[in-house]
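Peer 1: Sequence first, predicted model second:
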Amino acid sequence: MSGLGRGFARVVLKIGGWRIEGDRPAAISYVLIAAPHTSNWDFIWFIAMALAKDVPVRWLGKNTLFKGPLGYLMRWLGGLPIERSSPQGYVAQIAGLFSNPEPVVLVFPAEGTRGQVPYWKSGFYHVARQAEVPVVLGFLDYPEKRGGFGPERMMTGDIEADMDHLRAFYAGIDGRFPDKQGPIRLREEGDPLRGDPLRGDPPEEDSPPSAASA
């Protein structure tokens with residue numbers, strides 16, 4: 001990212017009254033959670049913070065978004081196509097992106113939607129486990145107008161313990177519309193047979209994050 005781009009991002013954040021907290025993550029490649037996700041503005045502020053810290057974030061979209069002239073724009077904006085119907089499973093597809101020699105920072109809006117949901121989507125967890133990369137806790141706290149990058153953590157396979165760490169970090173962090181925030185919990189918690197990270201298949205309720213959910 002050019003110095004001009006970083007400077008522009010800082011100006012946007014200053015006009016919006018936002019401050020960035022946390023250093024640029026030390027890991028080269030990682031899964032980056034974007035939470036809470038309650039507004040379309042989340043994408044703008046979060047991407048601005050990533051640009052200001054020179055973090056080359058990427059996001060996932062349905063492969064149909066990348067056909068024709070529009071595809072060039074989607075890729076320029078950091079988009080990566082994903083084939084939902086691939087027989088290898090979407091977790092394996094996404095985890096495979098991390099085999100690229102270039103750094104990959106993949107953003108996951110873990111709630112999967114701007115509305116309240118009873119569970120977070122667990123794709124970020126399974127992808128991080130299969131790709132053997134850490135999860136970095138990105139956040140936006142609207143009441144305090146602060147956001148940025150929290151700690152990085154390897155997911156251990158002990159889902160409940162890993163999620164306890166996330167719950168502790170995000171406690172007290174509110175999105176633009178707090179009433180749209182649901183519990184920080186994966187459906188697999190308490191049921192170790194669902195969504196085994198080593199199988200390469202996600203729990204059946206998950207679907208790839210898309211540009212629309214960012």
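Peer 2: In hand now; what should we look at?

Peer 1: mind showing which ranges of the chain have poor pLDDT?
Peer 2: Along the chain, the model assigns pLDDT under 70 to residues 1-2, 77, 84-88, 190-214.

Peer 1: At which residues are the strands of this protein located?
Peer 2: All strands of the chain, identified by DSSP state E, fall at 19-21, 30-35, 57-62, 79-82, 105-108, 135-141, 146-153.

Peer 1: Of all those strands, which one comes closest to Ile47?
Peer 2: strand 57-62 (6.7 Å; CB to CB). The way it works is simple: take the backbone N, C-alpha and C, and place the C-beta from them, glycine included.

Peer 1: Note down every partner strand of the closest one and its orientation.
Peer 2: Counting by DSSP bridges, the strands paired with strand 57-62 are strand 79-82 (parallel), strand 105-108 (parallel).

Peer 1: Reformat the strands of the chain as TSV; add distance to Ala168 and mean neighbour count.
Peer 2: Formatted as TSV, these follow (distance: least, CB to CB, whole Å; neighbours: other CB atoms under 10 Å):
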stretch	distance to Ala168	mean neighbour count
strand 19-21	17	15
strand 30-35	13	25
strand 57-62	24	20
strand 79-82	31	19
strand 105-108	19	24
strand 135-141	10	23
strand 146-153	10	18
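
Peer 1: export these to JSON lines and tack on distance to Gly172?
Peer 2: JSON lines is the format used below for the strands of the chain (distance: least, CB to CB, whole Å):
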{"stretch": "strand 19-21", "distance to Gly172": "14"}
{"stretch": "strand 30-35", "distance to Gly172": "13"}
{"stretch": "strand 57-62", "distance to Gly172": "25"}
{"stretch": "strand 79-82", "distance to Gly172": "32"}
{"stretch": "strand 105-108", "distance to Gly172": "21"}
{"stretch": "strand 135-141", "distance to Gly172": "8"}
{"stretch": "strand 146-153", "distance to Gly172": "12"}
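
Peer 1: Pull the distance from the longest helix seen in the chain to the chain's centre.
Peer 2: Longest helix in the chain by number of residues (criterion: DSSP state H): helix 3-16. Put simply, helix 3-16 sits 21 Å off its chain's centre (CA atoms, centre = their mean, to the nearest Å).
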